[in-house]
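Asks: Provide a 3D model corresponding to the input given below.
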Amino acid sequence: MSSISSVLQEIRTKSPLVHNITNYVVMNNTANALLAVGASPVMAHAKEEVKDIVSISSSLVINMGTLSEKWVESMLMAAEQAKATKTPFVFDPVGVGASAYRTEVAQMILNAATPNVIRGNASEIMALAKLTNSTKGVDSTMDTQDAIEGATLLAKKFNNTVVISGETDYIITGDIITKIENGSPLMAKITGMGCTATAMVGACLGVEENAHLAATAAMAIMGVAGDMANEKSAGPGSFQMNFYDSLYDITPDILASKVKTNA
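Replies: Okay, here's the model as predicted:
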């Protein structure tokens with residue numbers, strides 16, 4: 001039977017190609033994290049090539065952190081191609097609810113194709129579920145516990161998996177709720193750690209068709225690597241460096257022994 005540790009082993013064995021249409025702020029961070037864990041990142045956003053890249057990729061990650069008209073066109077084309085090719089797709093609705101444009105784009109992406117996984121912070125998930133319009137840019141103004149109702153509604157509406165990331169991560173599929181309670185407070189001091197978590201979901205979806213297990217494994221890898229990095233770090237700068245090293249050093253056995261979960 002598959003487990004979170006076996007998902008990590010599969011990433012190391014298969015090196016899934018993860019197609020990222022993500023934001024300017026985190027491209028380098030995301031690519032380095034994927035390489036460190038054993039996946040192969042491609043950062044392709046030109047509309048002239050996204051269909052071709054989706055077709056050869058193990059998974060697609062769409063992150064709407066820095067929006068522009070041409071990038072939105074590419075996101076929609078990629079989502080439609082993922083639907084056509086049955087390529088696993090994870091969506092990060094960064095800052096949804098903070099502006100009318102972001103909310104409109106999120107809705108367009110969801111209309112183009114249903115993501116296998118939606119990952120966001122509590123505010124983003126609640127805004128996406130239309131339970132609240134209260135967000136503070138890309139930072140969460142709410143606790144993950146507050147967003148469970150909204151995430152459950154979303155997961156049932158789309159028949160998919162929804163991840164709420166925060167101090168405690170929740171992975172929700174239908175009535176199944178899994179918690180991951182690993183991670184360091186320093187993770188909130190590094191730009192794009194949530195975006196990195198989304199990309200990690202993409203890596204896991206590239207080797208594991210069970211979306212709930214893939215998302216759980218991704219959040220476990222992020223959390224345990226965060227714990228490992230925290231032990232060696234003096235602050236955010238050294239933490240970021242040590243986080244990449246921890247993603248590289250983490251083994252299936254370490255993951256299985258250190259993860260704090262109700263699964």
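
Asks: my guess is residue 151 contacts residue 162, does it?
Replies: Yes - between residue 151 and residue 162 there is a contact at 4.2 Å, judged by CB atoms under 8 Å. Where C-beta positions appear, they are placed from N, C-alpha and C, glycine not excepted.

Asks: anything in contact with each of those two?
Replies: Counting by CB atoms under 8 Å, 6 or more residues apart in numbering, the common neighbours of residue 151 and residue 162 are 125, 172.

Asks: more crowded one of these two?
Replies: Per other CB atoms under 10 Å, whichever of residue 151 and residue 162 has more neighbours is residue 162, with 30 against 27.

Asks: so the more buried one sits in a strand?
Replies: Yes - membership of residue 162 in a strand is supported by DSSP: H, G, I helix; E, B strand; the rest coil.

Asks: that one bridge partners, please.
Replies: Taking DSSP bridges, one obtains residue 118, residue 172 as the residues bridged to residue 162.

Asks: distance of it from residue 29?
Replies: Residue 162 sits 23 Å away from residue 29 when distances are taken as CB to CB, to the nearest Å.

Asks: what about residue 235, how many residues nearby?
Replies: What residue 235 shows, counting by other CB under 10 Å, is a neighbour count of 9.

Asks: quick check on it: phi, psi?
Replies: phi -180, psi -170 (degrees, to the nearest 10).

Asks: how many other residues sit next to the closest residue in space to it that isn't next to it in sequence?
Replies: Once flanking residues are discounted, residue 235 sits nearest to residue 186: 7.3 Å by CB to CB, 6 or more residues apart in numbering. Neighbour count of residue 186, defined by other CB under 10 Å: 21.

Asks: hmm, residue 236 and residue 186 touching each other?
Replies: Yes - assessed by CB under 8 Å, residue 186 is found in contact with residue 236 at 5.8 Å.
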